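Colleague: Can you look at this prediction? I've put the sequence above it.
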Amino acid sequence: MTTGTNTSGIRLTQFASGGGCACKVPPGELERVVAGLPTGPSAGMATSELLVGLEHGDDAAAVRLDGDRAVLATTDFFTPVVDDAFEWGRIAATNALSDIYAMGGEPLLALNLLAWPRDKIPFDLAREVLRGGAEVCREAGAHLAGGHSIDDPEPKYGLAVTGLADPDLLLRNDAARPGTPLTLTKPLGLGVLNNRHKATGEWNEQAVAVMTTLNREASRAAVAAGARAATDVTGFGLLGHLHKMARASGVTAIVDAAAVPYVDGAREALRDGFVPGGSRRNLDWVRPHLDASVAEDELLLLADAQTSGGLLVAGELPGHPVIGELVAAKQSTTLVVR
């Protein structure tokens, strides 16, 4: 068993009740709370055109600046998903930048968001987290300029990110159309593997490599291929994010479970009981809209809460597996798993 590059002897995951995107508020509760919130400008305000807001749970907000530029804005942060501070910083930053890529944009500017229990963990270790985030921003070609930090009982890190996109080429949740294949650009299983790591300290090199791989090239390929609908697969799992896309677009998604790729060790982690509570909540949320003929364990993996997962694209991308297709809506069923 290895532990990454962690030499501090401090297991960061033990200071958090959850881990990574598995600690997100359950999707059903979140939708209930934000339903009906105002999204428009105050009366009398000069405003640009809001292209994407709260309506369909897209990955970032989008506002048209002019004919060929839209500004994208998002934020994402979470508790430690691995014990290594530097790698956690890389994972969190990669995950935050992914929201921009999931909309078909390019990140321009990022700000650090840091919460740290200074009385429990040496504050010098926070530098390693920030260093990991800075390395990823450099790789992405995004400026990293300051941010905000607070003293907090649980460590948390992420980024607020601003990006740019062509407003006519945005990847959205509501633009999927029947007859389109579904492509997934990263393997699943990160939730159960991260939960194993939190419980045992066991390090999975492939999982860390997946979580620190930018979705930049996949996003560019999707835009170049003419795709118009995509999302990234994070805390709500493949089934949760696909349900949101299918519902927003008025289609039904058919998933070929045998075609879905997984990180090595994911099925063993499931077998050994390392299932995050968030993964079970994801499955419970989509179950009323689900027609499935596979085993419950398979559904749990498909609903597994991912951290810094890949893009789910309505379209075919060379080099990535097609895992299903979109068809005309089937009454209240948004998801069919075979």
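Modeller: Happy to help now that I have it. Residues are numbered from 1 along each chain as shown.

Colleague: what mean pLDDT does stretch 200-216 have?
Modeller: The average pLDDT for stretch 200-216 rounds to 97.

Colleague: start to end distance for it?
Modeller: Criterion CA to CA, to the nearest Å; first-to-last residue distance in stretch 200-216 is 32 Å.

Colleague: Going by neighbour count, which residues of that stretch are buried?
Modeller: Neighbour-count burial for stretch 200-216 flags Gly201, Trp203, Asn204, Ala207, Val208, Val210, Met211, Thr212, Thr213, Leu214, Asn215, Arg216 (criterion: 16 or more other CB atoms under 10 Å). All C-beta spots, glycine's among them, are computed from the backbone N, C-alpha and C.

Colleague: Low-confidence regions, this protein specifically.
Modeller: Filtered on pLDDT under 70, the chain yields the residue ranges 1-7, 18-28, 30-31, 34-48, 56.

Colleague: Could you chop it up by domain?
Modeller: Domains of the chain are assigned by automatic domain parsing as 12-168, 171-337.

Colleague: For those domains, state which one has the densest average packing.
Modeller: domain 171-337 (a mean of 21; mean count of other CB atoms under 10 Å).

Colleague: Show the contacting residues for Leu326.
Modeller: With contact taken as CB atoms under 8 Å, 6 or more residues apart in numbering, Leu326 is in contact with 176-182, 246, 249, 251-254, 314.

Colleague: ok, so of the buried residues of stretch 200-216, who is nearest Arg138?
Modeller: Leu214 (11.4 Å; CB to CB).

Colleague: contacting residues around that closest one?
Modeller: For Leu214, the contact set (CB under 8 Å, 6+ apart) comprises Thr94, Leu97, Ser98, Tyr101, Val136, Glu139, Ala140.

Colleague: Tell me the helix or strand right after the helix or strand containing the fifth one.
Modeller: I take that to be Val136. Using DSSP states H and E, Val136 sits in helix 124-140. Following helix 124-140 in sequence order, the next helix or strand is strand 143-151 (DSSP H and E).

Colleague: Name the strands paired with that following strand and say parallel or antiparallel.
Modeller: Sheet pairing of strand 143-151 (DSSP bridges) gives strand 106-116 (parallel).

Colleague: Figure out how far the partner strand is from the centre of its chain.
Modeller: The chain centroid and the centroid of strand 106-116 are separated by 16 Å under CA atoms, centre = their mean, to the nearest Å.

Colleague: Just want the angle from the helix or strand Ala160 falls within to strand 106-116.
Modeller: Here Ala160 sits within strand 156-165, counting by DSSP H and E. Orientation of strand 156-165 against strand 106-116 (axes from the mean of the first three to the mean of the last three CA atoms, to 10 degrees) gives an angle of 160 degrees.

Colleague: could you give the angle of strand 156-165 to helix 124-140?
Modeller: Counting by the same axes, to 10 degrees, strand 156-165 points 20 degrees away from the direction of helix 124-140.
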